[in-house]
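K.L.:
What would the 3D arrangement of this be:
(chains A and B)
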Amino acid sequence: METKKDNWINATLESTEGLRPVALSEQLKSRLKNIPSEITVFNNTIPLSAVWLAAASIALLITMNVVAVRSVKKTKTQQETTIYSDYFSYLEQDL
Amino acid sequence: MESQEEINALKEGSQLAFNQLIDTFSSKVYNLSFNLLQNQEDAEDMTQEIFTTVFTSIHQFKGDSKLSTWIYRIAVNKCMEHFRKKSRKKRFGFTISIEQNDNAENLMKPHFDHPGVLIENKERASVLFAAIEQLPENQKLAFSMHKLEGIPYEEIAVILETSLSSVESLIFRARQNLKQKLARYYDENER
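P.N.:
Here you go, the predicted model:
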C-alpha cells in the first residue's frame, strides 16, 4: 500500500521530465521588439519643460489647497470664539 | 549574443542588437516566467516588463557575469516582486478566511495545464505545479530553474546571488517539501 503511494509521489515528481518549451506568439515577439521605439517615442514626445510645468502646477495646486484649508480653520475658530463670548455675555452683565 | 561588440551595440541603443537579444533570450525568459507564474497572460506581461528593464538598464551591465545570467537575475527579481504583490493582496483579503477553515490555504488545487507536458503526464504534472506554487519563494525559484529550465546549480547560485551549497540545500528542501505536500494530496484524493 505504502509502495503504491511512494510510486505515485515519485512519478508525480518526475512528471515534468521531457517538458517542452512553450513557443512565444509572434504578437508577443513583435511587442518585445518594439520596446526601444516605444521608450524613445515616449522620451521624445514629452519635452522636459512640459514635465516641469506639470510638476509646478501640481505644487501650486497643493499650496493653494493648504492655504485655503488653513484660512477656513482660522475663520471657523474666530466665529466660534465670537459665538461663545456672545452666549456667555449675559453672565458678565448679571455679575 | 555575449560578445563585447554586441553588448556595446545594445548600450548604444541599437535596434538590430536588441532584436538579436530578443531572438536569443525571449523564449528562455518567457518559459521561466510561464513556469513560475503559471499563467499565460501574466507571463507575457512579465516578459515585456523584463525586457523593458533590460533595455533601460543595459548601461548598468558591467560584464561581471554572463549576459544571460544578468537577464535571468532581472527576471527572477521581477517574478519575486510579483509573488510579493500577490501575497499582499491575499493578506488584504483575509476577511474571507473567517468562513473557511485554517487548512484552506494549504489545500492544493491543481489548475495549471502546461502545454509542454507529455500527454500521459498531464494530470500528475498539474498536481506537481500546484505543489510547487505552495513552496517558499526561494525554494520555488531554485527548484523551478533547475528542474523545469535545466539551469545548472552554479548558474542558479550566481542568479540568486548565493553560494552553491545554499542552492543545493534549497533544492533538497524543496524536494522534501514537495514529497510531504504530495503525500498529503495522495491521502486526501488518490487513496
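
K.L.:
give me the number of residues near the nearest residue to B:L141 once chain neighbours are set aside?
P.N.:
Of all residues not flanking B:L141 in the chain, B:V76 sits nearest, at 5.9 Å (C-beta to C-beta, 6 or more residues apart in numbering or on different chains). For every residue, glycine as well, the C-beta is placed using N, CA and C. Neighbour count of B:V76, defined by other C-beta atoms under 10 Å in any protein chain shown: 24.

K.L.:
Output the contacting helices and strands for the strand or helix carrying B:V76.
P.N.:
Per DSSP states H and E, B:V76 falls inside helix B:67-92. Other helices and strands packing on helix B:67-92, by 3 or more C-beta pairs under 8 Å, 6 or more residues apart in numbering or on different chains; DSSP states H and E, are helix B:15-37, helix B:40-57, helix B:137-143, helix B:153-159.

K.L.:
so where's the chain uncertain?
P.N.:
If you meant another chain, say so; for now it's chain A. Within chain A, the set of residues satisfying pLDDT under 70 comprises A:1-2, A:41-44, A:92-95.

K.L.:
Chain B, not that one
P.N.:
By pLDDT under 70, the low-scoring segments of chain B are B:1, B:92-107, B:190-191.

K.L.:
Would you mind listing what in it touches chain A?
P.N.:
Counting by C-beta under 8 Å from any C-beta of the partner chain, chain B comes close to chain A at B:13, B:15, B:18-19, B:22, B:26-27, B:30-31, B:34, B:44, B:47-48, B:51-52, B:55-56, B:114-118, B:121, B:124-125, B:127-128, B:147-148, B:175, B:178-179, B:182-183, B:186-187, B:190-191.

K.L.:
Give the next helix or strand downstream of whatever helix or strand A:P36 lives in.
P.N.:
In the assignment (DSSP H and E), A:P36 maps to helix A:35-45. Next helix or strand after helix A:35-45 toward the C-terminus (DSSP H and E): helix A:48-87.

K.L.:
For the closest residue to B:Y72 other than its chain neighbours, give me its contacts.
P.N.:
Spatial nearest neighbour of B:Y72, chain neighbours left out: B:I159 (4.8 Å); criterion: C-beta to C-beta, 6+ apart. Contacts for B:I159 (C-beta atoms under 8 Å, 6 or more residues apart in numbering or on different chains) come out as B:T69, B:Y72, B:R73, B:V76, B:M145, B:I151.

K.L.:
again with B:E123
P.N.:
By C-beta under 8 Å, 6+ apart, the neighbours of B:E123 are B:P110.

K.L.:
What are the phi and psi values at it?
P.N.:
Note on B:E123: backbone dihedrals following degrees, to the nearest 10 are phi -60, psi -50.

K.L.:
Near B:K109, how many residues? Count them for me, please.
P.N.:
B:K109 has 9 neighbouring residues, counting by other C-beta under 10 Å.

K.L.:
any idea whether it is helix, strand or coil?
P.N.:
coil (DSSP: H, G, I helix; E, B strand; the rest coil).

K.L.:
Wait, it touches B:A130, no?
P.N.:
Yes - between B:K109 and B:A130 there is a contact under C-beta atoms under 8 Å: 6.1 Å.

K.L.:
Please tell me how far B:K90 sits from B:K78.
P.N.:
B:K90 sits 19 Å away from B:K78, going by C-beta to C-beta, to the nearest Å.

K.L.:
Next, count neighbours for B:D42.
P.N.:
So B:D42, with other C-beta under 10 Å, has 16 neighbours.

K.L.:
Hmm, I typed the wrong one, I wanted B:T69.
P.N.:
Applying other C-beta under 10 Å, we find 15 residues neighbouring B:T69.
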